[in-house]
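A.B. asks: Need a 3D model of the following:
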Amino acid sequence: MQLRELAERLKCRLIGDGEIEVTRLAPLHEAGEGDLTFVAHSRDLPRLEMCRASAVIVREGGPSCSKPALLTNDPYLTVVEALRLFYTPDRPTPGVHSSSIIHEGVRLGADVAIGPLSVVEAGVTVGRRSIIGAQVYIGKGSHIGVDCRLYPQVMIREGVEIGDRVVIHSGSVIGSDGFGYLRDDRGGRIKVPQAGRVVLEDDVEIGANVTIDRATMGATRVKRGTKIDNLVQIAHNVVVGADTVIAALSGISGSVTIGDRVTLAGQVGIVDHIEIGDDAVVGAQAGVAKSLPAGEVVLGSPAVPHLTFKRSVAAVNRLPHILNTLKRIEARLASLESAAGAEGQAGRTAWSTSERGAQ
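C.D. replies: Residues are numbered from 1 along each chain as shown. Predicted coordinates for the structure are as follows:
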């Protein structure tokens, strides 16, 4: 694609030769002839001058560079739009692979593609243009919306409801049993039947190896537009609000309610039966043990407001200095006590001598 055409499609201001052909996007350290790269920070400009890219996306109003450039107010967003122009996911030919098993009562929309060795149980509905990868299992009575994509080895258990344009990556299990047991009168564990379901609303994306448990009763629900990273566990009866993001290795206990636009960073843990308010932000490795109001920003385990956490960390970092100061004070005190003891002994000796002389 010529750089001039690319500038028009990305709505960027073109500087330099617009006749240059660019064939792909590449990072600064890999870019070569025919590549379009990008610089988001002025600190990277010296590296740009050394790289072999044919053109660059840079911020409008930033320092000038010697290469043909596309100027934009948001380089990151422009790169994303450019990636969408250059790269489109492979789309398999519609149809059902001969090795897959489709049970009675399954309804497949137009242009659905089902890869090899997949199993679709009775009563399943799959919406138009959805893609079911190889070795996918879809349990009885589940519903898959339109334009969804289930990558290879996804497992959808019975009765799961999936909205439109949902993406689920390999290895994820949606609708497995929740972790529910009660003690009987002999101290044994009785399994609580997990009779509910999972609902994923429109435009949700689930990463690889995520597990979302079905509700004991009712629904475990992930609302519209939420994005979940790899290796996340969501327990039974959890409700995750709209446009929320949950990073890798986070664990959410049962019956938690998470608001809209919440951010959970990596390795966050949340105890059961609490609420996280809208727009809250939970920092990496935080352990949340009580409900959070809307807009709260917390860090640490147990999680506390981020300013409190930062003051605590600052105090801890000063501990070596405080200990050294304490040791100096102790040494000084011991010296003073020793000196005072010596003076007292000398005083008592002098008084005793004087007394004997008087006698």
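
A.B. asks: I figured residue 113 hits residue 136, correct?
C.D. replies: No - Residue 113 is beyond contact range of residue 136, at 11.1 Å (criterion: C-beta atoms under 8 Å). In this view, the C-beta of every residue, glycine as well, is placed from N, C-alpha and C.

A.B. asks: So which residue is smack in the middle of this structure?
C.D. replies: residue 247 (1.4 Å; C-alpha atoms, centre = their mean).

A.B. asks: need the contact list for that one.
C.D. replies: If you count contacts by C-beta atoms under 8 Å, 6 or more residues apart in numbering, residue 247 has them with 229, 232, 264-268, 284.

A.B. asks: One more pass at 6 Å, please.
C.D. replies: By C-beta atoms under 6 Å, 6 or more residues apart in numbering, the contact set of residue 247 is 229, 265-266.

A.B. asks: before we move on, back to that, of residue 113 and residue 136, who's got more company?
C.D. replies: Each of residue 113 and residue 136 has its neighbours counted (other C-beta atoms under 10 Å); residue 136 has more, 24 against 19.

A.B. asks: Pull the number of nearby residues for the closest residue to that one other than its chain neighbours.
C.D. replies: Nearest residue to residue 136, sequence neighbours excluded (C-beta to C-beta, 6 or more residues apart in numbering): residue 118, at 4.5 Å. Here the count is done by other C-beta under 10 Å, and residue 118 has 23 residues near it.

A.B. asks: circling back: can you tell me which of the contacts of residue 247 are in strands?
C.D. replies: Among the contacts of residue 247, no member is found in strands (DSSP state E).

A.B. asks: Now render those as TSV, adding distance to residue 35, neighbour count and pLDDT.
C.D. replies: TSV is the format used below for those (distance: C-beta to C-beta, whole Å; neighbours: other C-beta atoms under 10 Å; pLDDT from 0 to 100):
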residue	distance to residue 35	neighbour count	pLDDT
229	29	20	98
265	33	19	98
266	31	16	97
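
A.B. asks: Redo those residues as CSV? Include distance to residue 88.
C.D. replies: Converted to CSV, these look like this (distance: C-beta to C-beta, whole Å):
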residue, distance to residue 88
229, 23
265, 31
266, 30
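
A.B. asks: out of the residues you listed, which one sits closest to residue 293?
C.D. replies: Of all the contacts of residue 247, residue 293 sits closest to residue 265, with 18.4 Å by C-beta to C-beta.

A.B. asks: hang on, that closest one packs against residue 280?
C.D. replies: No - applying C-beta atoms under 6 Å as the test, residue 265 and residue 280 come out as separate, 11.5 Å apart.

A.B. asks: Quick check: residue 333 is in a helix.
C.D. replies: Yes - Residue 333: assigned to a helix according to DSSP: H, G, I helix; E, B strand; the rest coil.

A.B. asks: Model confidence for it, exactly?
C.D. replies: Note for residue 333: predicted pLDDT of 94.

A.B. asks: Could you check how many residues crowd around it?
C.D. replies: By other C-beta under 10 Å, 10 other residues sit near residue 333.

A.B. asks: Please apply the same query to the one 3 residues further on.
C.D. replies: Neighbouring residues of residue 336 were enumerated by other C-beta under 10 Å; the total is 10.

A.B. asks: And it, how close does it get to residue 324?
C.D. replies: In this view, residue 336 and residue 324 are 19 Å apart by C-beta to C-beta, to the nearest Å.

A.B. asks: Not including adjacent chain positions, what is the nearest residue to residue 20?
C.D. replies: Nearest to residue 20 is residue 3, by C-beta to C-beta, 6+ apart, at 4.5 Å.

A.B. asks: Test for you: state the pLDDT assigned to that neighbour.
C.D. replies: For residue 3, pLDDT reads 93.

A.B. asks: Could you do the one 3 residues further on as well?
C.D. replies: Each residue has a pLDDT score; the one for residue 6 is 93.

A.B. asks: what's the neighbour count on it?
C.D. replies: Residue 6, neighbours per other C-beta under 10 Å, totals 22.

A.B. asks: Report the secondary structure state of it.
C.D. replies: Secondary structure for residue 6, judged by three-state DSSP, is helix.

A.B. asks: From residue 47, how far out is it?
C.D. replies: Using C-beta to C-beta, residue 6 is found at 22 Å from residue 47.
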